[in-house]
Each structure stands twice: as C-alpha cells, then as structure tokens.
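Enquirer: whatever this is, show me its structure:
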Amino acid sequence: MMQDVWTQLGPTIAAIMFIWTMYQNYFPHELRGHIRRYTNKLVSYFYPYMHIIFYELETEGWFERSKAYVAIERYLSKNSSTQAKRLKANAVKDGQSLVLTMDDHEEITDEYKGEKVWWISSQKPASRQTISFYREDEKRYFKLKFHKKNRDLITNSYLKYVLDEGKAISVKERQRKLYTNNKGDGGGYRYRGGRMWSGVVFEHPSTFDTLAMDPNKKQEIIDDLETFSKSKDYYAKIGKAWKRGYLLYGPPGTGKSSMIAAMANFLKYDIYDLELTSVKDNTELRKLLIDTTGQRETNKKKKEEEDKGKNEEDAIKEKMKKGGEVKEKQSEVTLSGLLNFIDGLWSAIGGERLIVFTTNYVEKLDPALIRRGRMDKHIVLSYCCFESFKVLAHNYLDVVESHVHFPEIRRLLEETNMTPADIAENLMPKSSKENADTCLERLIKALETAKEEAKLKAEEEERAKAAEKEKEEKDREEKKEVTDTEEAKNTDGVNEKDNCVKENGDVSKG
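Expert: Numbering: from 1, shown residues only. Below you'll find the model as predicted:
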C-alpha cells in the first residue's frame, strides 16, 4: 500500500519540481513579483499574523550594522538564555563578561501588555550577483511576528520600548571611553586616519562614594544629575537642548578631575576632554562637537549620551576677553565661538550631554562664559573640611566610627587649610606595618606643620606689606623733600630777580 502511495506521489512531486524550476529560471522578474504579491494578498485573508523584518546590515554588502538590529539583539539576550536551545556568546567590556544571544533559526517569545509576540533569528540568502565582504551565512535578520489585531500596539509602543531597553542594556555592557581631540598639520586633522578624536578605555575608579565632600552637598549633585538624565521629555517640552553645564572651581588638589570621573561613572557617560589650544578655529570647534555623535557610530557605540568634559588650561582662561580671541599656538577660537559651542544652535546636536568647565581661578573667567544658563550649576571644591575628612578616613583606613584622634583633627582642620589630595596622601599607609593610628598621627603632624607654615607665611607677608608700606612712606617723604627743595629754589630765584629789578631802578633814577 505504501508503495502505491509513493507511486502516485512520484509524478506529482516531479511535476511540481519541474514547474518550480521553470518559474525560477524562465518567468520574468516583473511577472514573478506580481504573482508573489497576489499570492501574499490571498494568504493574508487566512493567515492572521504580521511580520516585521530587521536586517543586520544597513546596506547590502557593507560592514555597518543596523542600530535597530543591535538594540534588538541586546534586548532579546535576556530571554535568549532561558528559551533558545542554541546560543551565541559575545564578549563585552574587553572580555570581562559574556552576553548570550540566540543562534540562527531560533525562536523565542516575548509578552508586552498582555499580548504575545514571537522573535525569529534567521538568514537572508545572499544574491550571487552581489559583491560582499560578508559570507552568505552572515547576512542575518530578526523577524517579529504578531497578531494583526495588535498592529497599532506593536508599531506605536512596543518597538520603541524594545529599542529603548536594548540601548539601555548596551550602555551597561559596553566599555566606556575617554577621548581627547587630535591636532594635525597646521591645526587640521590630516593624520591618525582622519579622526578628530582619539580614545582610550576609561577605567577611572572614582565614584561619589569615594569623593571627599560634605554628604549633603554630594547628595544635591547626585539628585541633580539623576533628574537631568531622566528629563529628556521635559527639556523637549520647555524647548531647551538636552544639556546641562557644570562649573567646577577651587584650588589645585580639591578633586575637580575626580568629580568629573565620578559624574561619568554615575551616568555611564563617555568623556570628551577638549584641549582648546589644539583647535584651529571656530569651524573646527563645531566639527569636533558634531563628531562626538559620529564617533559613537564609527566605534559602534550604542549609547546616545555623552559627557563633554572640558578641562581648560588656566593660561587660556586668563586670556579670554569679552568679544576677543583666545590665541595660543595659532588657535583662533573666539569667545563668541566658544559660547555658541556651549549653548548656541550647535549645542543641541548629539542629544544628552554634560558640559563641564574646571578652573583654579574662577574670577579670571569672563562673566559671559559662566553665567547661569550656560553653566547651570556652580560647584566650589575647596579645602578639606571635617565631613570630607571622615569620608577619606573611611575609604583609606576603614575607620567608620569616631576615633580618639578625630577631635584634634577637627580642631586643626578648622584652623588651617589642606586639600583633600594632601589629606589622602597622609592617610594612605606607607607599609603593611602601619595602622589607622599611625596614619592619623602622621596627618596630625602634617596639619600642625601646615598650620605653622601658614602662620610663618602670614607673618612674612605682613612684614613684606609693612616693608612695602614703609618704603612707600619713605618715597613720599623723599618726594616731598625734593618738591620742597624745588619750591624753595624757585622762591629764592624770584626774590633775587626782584632785587635786581629794584637795583636797576635806583641806578636809573640816579
């Protein structure tokens, strides 16, 4: 009986194969398109599902991966590890961890607002006529299948949710970078592959937990950053570019660079350190701003937030004059160009960003540069107070509760100035034999020495002022004596002249 079935099916299968071969080889492309279109329309009456395809490559035969594909891949990774039977492992953060994604021809399910959808990972057969650097099995795509009744839900809400979640996961997985602007021949960018920025892996360990600051002030900054990072819709509502300016100022060694690193680590941002002396003119400054967006694409960054860290050299800031130019090594960046970079039309390019200026001497900056609206938050990082010291003592010595030396240290910190960097250096154990008591005693001695040096310096300055004042008084007295002498000479000359006139008059009368 089975033999009879195969005998009957044989001619039918052969006929189907013959017709399919004729269709593939001899039917015109336009005719096949019409047949396929009407066939799909007929099937859609009975098939209740819709498909959306997301290809891996932006263009055929090129290396650039689609941002949507990458975001979907990251989003699906959370379900792939539990549902898919065959998985692919990809290293992230320089091989420190692995991300599991579903392999080709795997299917997983997802649920959104009570509705079920299916994701299929597959391949697109490569065209034999297309020249490509990729192998045929690398032309992949994701197919999303869902019921046609959920069309509006999927297209208006679900896809945006998937892309946003995928980007957020990518941000957590990726290795962040620290960039600095390149300088080419004549101030241009004609080397290093034409790149305007050079980057290295950013691995600075600074966090807000390790910053030596007053806890209340620290929490205020954290709240401000967190509010800013979640305010995309609010900034769009009020018609402002999604950016925020920070001005950090204070003496050297008070933690300005550590603050920038802590902000970047808190928000998971990259840092772009802009050296103004390497920028030829305002045009190249704008190009640098634009390239902070292109840089992410070139290096396949999945994140749309950037931290714009600008550590201006004090020499440049001292030369900033209102409406004038900043000139150093042929740099022709004007103050107006810098201001336009901060909050002009070009500042909205690239989406979310923080612009951070640091300086040791805030009084030397032009008021137009640091006014509210450009630098939204001014943060003074001054000498170490007792609350900041307690943070350092906890970080360096694991001293959590009060210590017997704390009252003495509090008194000395109120009487003398010492930067957090100097405090930290004295708290750091110099050998395995040193304990908390030893380090705190060394700090007390350093504070006493600093107090004595400050006292001697103040006395020396007083003596210098007194000597200068005495010299000024002496100069005034000498000048007065000279003036009096000249006046006396002038008076004597007038008297002699009068006497001569009188004598001449007497002779004439005689």
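
Enquirer: can I get stretch 403-411 in PDB, CA atoms only?
Expert: What follows is stretch 403-411, C-alpha atoms only, in PDB (Å, rounded to 0.1, in the frame of the first residue of the first chain):
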ATOM      1  CA  HIS A 403      38.300  57.800  66.600                       C
ATOM      2  CA  VAL A 404      40.300  59.200  69.500                       C
ATOM      3  CA  HIS A 405      42.300  61.400  67.100                       C
ATOM      4  CA  PHE A 406      39.200  62.900  65.500                       C
ATOM      5  CA  PRO A 407      38.600  65.800  67.900                       C
ATOM      6  CA  GLU A 408      42.200  67.000  67.400                       C
ATOM      7  CA  ILE A 409      41.900  66.600  63.600                       C
ATOM      8  CA  ARG A 410      38.600  68.600  63.600                       C
ATOM      9  CA  ARG A 411      40.300  71.500  65.500                       C
END
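
Enquirer: residues near His34, how many?
Expert: His34 is flanked by 11 other residues according to other CB atoms under 10 Å. Glycine gets a C-beta too; all of them are placed from N, C-alpha and C.

Enquirer: double-check that His51 belongs to a strand.
Expert: Yes - with DSSP: H, G, I helix; E, B strand; the rest coil as the criterion, His51 is assigned to a strand.

Enquirer: what's across from it in the sheet?
Expert: Lys145 (DSSP bridges).

Enquirer: my guess is it contacts Phe142, does it?
Expert: No - His51 lies out of contact with Phe142 (CB atoms under 8 Å); the separation is 10.5 Å.

Enquirer: more neighbours, these two?
Expert: Per other CB under 10 Å, whichever of His51 and Phe142 has more neighbours is Phe142, with 21 against 11.

Enquirer: give me the nearest residue to that one, chain neighbours excluded.
Expert: Of all residues not flanking Phe142 in the chain, Phe54 sits nearest, at 4.6 Å (CB to CB, 6 or more residues apart in numbering).

Enquirer: could you look up the SS state of that neighbour?
Expert: strand.

Enquirer: list the buried residues of the helix or strand in which Phe142 is found.
Expert: Assigned by DSSP states H and E, Phe142 belongs to strand 140-147. Residues of strand 140-147 classed as buried: 140-142, 144, 146 (neighbour count, 16 or more other CB atoms under 10 Å).

Enquirer: same check on stretch 232-241?
Expert: 235, 241.

Enquirer: who's in contact with it?
Expert: By CB atoms under 8 Å, 6 or more residues apart in numbering, the residues outside stretch 232-241 that reach it are 242, 343, 347-348, 352.

Enquirer: tell me which of these is nearest to Glu107?
Expert: The nearest member of the contacts of stretch 232-241 to Glu107, counting by CB to CB, is Glu352 at 35.3 Å.

Enquirer: so the closest one sits against Lys243, correct?
Expert: Yes - taking CB under 8 Å as the definition, Glu352 is a contact partner of Lys243 at 7.2 Å.

Enquirer: quick check: domain ranges of this structure?
Expert: 48-173, 177-380, 387-475 (automatic domain parsing).

Enquirer: between those, which one is closest to Lys41.
Expert: When the domains of the chain are compared by CB to CB, domain 48-173 sits nearest Lys41, at 13.4 Å.
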